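Visitor: Structure, please.
(chains A and B)
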Amino acid sequence: MSQKFNEQHTKKVEEKWTEHSDDDKEPYMSHPPNLEGWQIGRYYAGKSAKKAKKGRVKDCPLGTIIFSEAKTLRIKEMLTSKSLDYLIYLCETDNHTYSHIRDSAFKRQFLSIIRGNLIDKLSNASSELAQLHEMDTSYLKKFKEKQKNPKYTAMYQGRTKLPAFKEKDNLVKLIEENQVVVVSGETGCGKTTQVPQFILDHYIENEKGTLCRIICTQPRRISAITVAERVAEERAESLGESVGYQIRMEKKMPRKSGSICFCTTGVILKQMESDPSLSNISHLILDEIHERDVTSDFLITILREVIKKRNDLKIILMSATLNSEAFSNYFDNCPRINIPGFTFTVTEYFLEDVLQRTKFQCPRFHLPPPEQRSSIKKWTNYRYKSLVKPPEYEEYIEPYARKLLKDGTYAASVCEQLENPLSENINIRLILQLLIYICHKEEQNGAILIFLPGLMDISDLHKLITNSGKFPSEEYIIFPLHSQMATVNQKQIFEPPPLGKRKIIIATNIAETSITIDDVVFVIDCGKIKISNFNIESNSQTLNCEWVSLANANQRRGRAGRVKPGVCFHLYSRARHMILKEFQEPEVLRVRLDDVILTAKLLQLDLPFGNGSDDMRHTEMQNHFFQKLMDPPKMECVYLALDCLKRLNALDDSENLTPLGYHLARLPMGPQMGKMVLFGAIFSCLDPILSIATTLDFKSPFQISLTLEKEADMKRVELADGKASDHLIFHRVLYIHDIHPIPYKFCQDYFLSSYILNLLRDMKKDFMGYLQDLNFVSGTDPKNPLHNRNSDNLALVKAVICAGLYPNVAVVKYSKSKKFIRIRSPENEFFKLHPVSVINKVRDMKAPLLVYWEKINEYIHDASMVHPLPIIFFGDHYKYTFHDHNGLISIGNSLTFRANPHTGKIIEELRDRMNWFLENKITHPSIVNWDVDSDEINILRYDLKVNLLVNLL
DNA sequence: GAGCACTGC
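Guide: Okay, here's the model as predicted:
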């Protein structure tokens, strides 16, 4: 397959598309020339009032589309072809019977999903584990032999020292006698490795090993593997005997019975799609359930239904001590058992102690940046801002500071600083002073771990430390640690430092749970954390810096006591510590719910009806799935997600899954990315689209360099190859990585992570497997030429990107100096383009339209500049209107384009035709037959050589 | 004019 990276086919786009001048796009850019004096003032007042209303921009067409006469003629010829009638026949939709769909495996599965219900499905649930006495005896025999194995006995000796071991008999008895048990305990108590083994050994010893099949879920892939390896080692076995693991794209399954399988929470949820009663499982252990991620919250909600029908299924919830009671309450006050933790003591200090020891002086006022210091007005504003105190100061923090002053244990200047809210801001100079104090005054040696909220702070502190001259590289190794930095995959960070050197790690909360560095003795906790939230009013995602929860603070503190007693410095006062909330909000209250709803639909759970549905049905459904969650999300959030799924055509008007929705629910990615991939398969440009969708869904392979930022930016621009698209860069990177003679060299030169690139390659293959199950492709090779006939046509690739990202469309506005870009949403809100986007640098501004995936805090992260036609073809709410000699195409009730009547008419027919084609393809999943005479190609073709759609887009 | 918490199928 030749997949040259060029855009030759774009030139074939024949239609004339003109961009309007500024006045045309924004009719109110400047005041009409005939106005004078106060009229001008009133004009602008009216204009800003309009802006404030955030009115739609219907009346500001984004451009004009005119097809040439020759093209019009050819398209008209095509439109008279007979194949259209055939397609209309195929796609006459009947939502209740779907009688227009030919009988197929897909149809039967789809109908059983939209008509069925979880409870009915569970009513004939039963365990599939059968007791086989011969095997039971053999399991016991092997187990007894193992107890003589010196390796096993040595490991066993170590196990008996764990706190969990003292509770062995209690645990086994409690689990035997109850269907649901909550096991709580802090890290280091051994519950994760021991509890599954206690259960398994108990079954084997009682000659019923074949009835025992334990699944233990972990929130992260890495912990599923490491725990499985550890447990296999303790049992003196290799993986694949009685212990195994399963994560996406990687598994080592244990034997079918008498076994323990560690897997990620998502794997088990996916399994429930086909086997909701978990028929081949005897014990389900959910570990780290206190983290409250969407998947585990979702899982326990369904499990409450499942255990009613499967009385023999045991559920063990393992949580931190802090919120074990809440889980017990959720399961009808099921019994709890607590295992004391086993960690070294960590001495805790707070801001007042740090200030006292370092004699540091916090700034009293916000200093404006140097370039603004001349403006006194702005400066006063800064001073004013610094004096506004959060409400908790009067109630808690000031009284505490006054008490300290009275007690006389702290210097007066320390107490005074505590009363100033600025002392709670992140202050990297204070951290530097504290580091100097630790390294020179504290006797203990050992690694220092600093928690900061984000990259900015990590970068600033890193610079400050290296430039201070107090931490020469002969004595200190400094590791910045962030999910997007190369250091996360370096072994060096886990290993003891070279002799005579000390490790300093500057990390985000990645070091709280995901990455464990054993030799940490000192922790500096800035007390802040970046938390993403979903804002219902603006229907958008935010990422803000907040106070940590007590759970976070404890976890951070615990990182200091893994090998010996440690010290933790919190950079906030004891008073602040007292008013921290216990936990962060559960994730399900902080995210978009569209993906959750699709999964729930596939699992046939009862869901509420959206805003638009009639009230009768609304009131019928009081006890729906979302109400049963431990923390039900706001209904507005559910409605927003339902609306979004309807716009994507994943749900029909009665909120049943459509055939498209059914496919999207089965694909392991969000609905928009799933749609992009399906269209990539249908339009035969699958490899580039899979690269892009996988990267957006998982993670960018680009790594951040603290020292070579500019170089990294330039490499990105180089990879963009003049195309105004961040998405096509992902395609190009994965493409080159696959064919490069020395992939590792390519990664080094272009600041890429080969670890992530390899994962992305595996993931693409994994998606191919799903597409094959859905019957859209014929194998698992993403580069199969059969599915890449149009992969060289980057205009088409961009059109498919657009189909997937819609309705995330925005309009580009240049500033007058054209130095930077502003973005306007169809709803007339203004955003900015993230500085790393190549669109800032590649000035190929033929089109003012962008499609994007992620928008966080007013910033659009990755974007592609697109032609209007894909938006017109793939957008919803198509309308054509004609009045005052103006033809207008309107999309999504907000984007408008001018088109003369004959062009408008043709676009409308072409759009219908393509939708029929897609509908047919979705309801009759199969590989598109690109043969010259095939029916489906005739539908899209306007002459024998060229496929209409592929060239039009 | 200016910046990106962390997971997962």
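Visitor: remind me which residues of the stretch 51-200 of chain A are low pLDDT?
Guide: Counting by pLDDT under 70, the stretch 51-200 of chain A shows low-confidence ranges at A:51-61, A:63, A:74-97.
Visitor: Residue in it with the shortest distance to DNA strand B?
Guide: A:T192 (15.3 Å; C-beta to the nearest atom of the strand). Where you see a C-beta, it was placed from the backbone N, CA and C, and this is true even at glycine.
Visitor: I'd assumed A:M318 was in contact with that residue.
Guide: Yes. The pair A:T192 / A:M318 is scored as a contact, 6.9 Å apart, by C-beta atoms under 8 Å.
Visitor: what touches both of the two?
Guide: With contacts defined as C-beta atoms under 8 Å, 6 or more residues apart in numbering, the residues shared by A:T192 and A:M318 are A:D287.
Visitor: neighbours of A:N533, just the number please.
Guide: Residues lying near A:N533 (other C-beta atoms under 10 Å) number 15.
Visitor: That one should be in a helix, yeah?
Guide: No. The assignment for A:N533, made by DSSP: H, G, I helix; E, B strand; the rest coil, is strand rather than a helix.
Visitor: contacting residues for it?
Guide: A:N533 sits next to A:Q541, A:T542, A:L543, A:N544, A:R590 when contact means C-beta under 8 Å, 6+ apart.
Visitor: So the strand or helix carrying the third one, near DNA strand B or not?
Guide: Just to be clear, that refers to A:L543. Using DSSP states H and E, A:L543 sits within strand A:540-547. Yes. Strand A:540-547 is in contact with DNA strand B by C-beta under 7 Å from any atom of the strand, via A:L543.
Visitor: What average pLDDT does that strand get?
Guide: Model confidence over strand A:540-547, given as mean pLDDT, is 89.
Visitor: the inter-axis angle of whichever helix or strand comes after that strand versus strand A:540-547?
Guide: Next helix or strand after strand A:540-547 toward the C-terminus (DSSP H and E): helix A:550-558. When axes from the mean of the first three to the mean of the last three C-alpha atoms, to 10 degrees is applied, the directions of helix A:550-558 and strand A:540-547 differ by 60 degrees.
Visitor: close to DNA strand B, is helix A:550-558?
Guide: No. If you take C-beta under 7 Å from any atom of the strand as the test, helix A:550-558 misses DNA strand B, and the best it gets is 10.8 Å.
Visitor: What mean pLDDT does the following helix or strand past that helix get?
Guide: Once the chain leaves helix A:550-558, the next helix or strand it forms, by DSSP H and E, is strand A:566-570. For strand A:566-570, the mean pLDDT works out to 95.
Visitor: relative to helix A:550-558, how tilted is strand A:566-570?
Guide: 140 degrees.
Visitor: Summarise which helices and strands strand A:566-570 is packed against.
Guide: Contacts defined by 3 or more C-beta pairs under 8 Å, 6 or more residues apart in numbering; DSSP states H and E place strand A:566-570 against strand A:346-349, helix A:351-358, strand A:520-525, helix A:550-558.
Visitor: ok, and which of those has the densest surroundings?
Guide: strand A:520-525 (a mean of 25; mean count of other C-beta atoms under 10 Å).
Visitor: can that one be found next to DNA strand B?
Guide: No. Using C-beta under 7 Å from any atom of the strand, strand A:520-525 stays clear of DNA strand B, coming no nearer than 14.9 Å.
Visitor: Run through who's touching that strand.
Guide: A:346, A:431, A:434-435, A:438, A:442, A:444-451, A:505, A:548, A:553, A:556-557, A:559-560, A:562-564, A:566-571.
Visitor: Direction included, what does that strand pair up with?
Guide: For strand A:520-525, the paired strands and their directions (DSSP bridges) are strand A:447-451 (parallel), strand A:566-570 (parallel).
Visitor: export it as PDB, just CAs?
Guide: This file holds the C-alpha atoms of strand A:520-525, laid out as PDB (Å, rounded to 0.1, in the frame of the first residue of the first chain):
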ATOM      1  CA  VAL A 520      11.300   8.100  49.800                       C
ATOM      2  CA  VAL A 521      11.800   9.400  53.300                       C
ATOM      3  CA  PHE A 522      10.700  13.100  53.000                       C
ATOM      4  CA  VAL A 523       7.500  14.200  51.400                       C
ATOM      5  CA  ILE A 524       6.700  17.800  50.600                       C
ATOM      6  CA  ASP A 525       2.900  18.200  50.000                       C
END
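Visitor: Distance from that strand to the middle of the chain?
Guide: Centre-to-centre, strand A:520-525 and its host chain are 29 Å apart (C-alpha atoms, centre = their mean, to the nearest Å).
Visitor: And stretch A:227-247, by the same measure?
Guide: 30 Å.
Visitor: The residue of the stretch 51-200 of chain A closest to DNA strand B: what secondary structure?
Guide: Reduced to three states by three-state DSSP, A:T192 is helix.
Visitor: how many neighbours does it have?
Guide: 22.
Visitor: Many thanks, have a good one.
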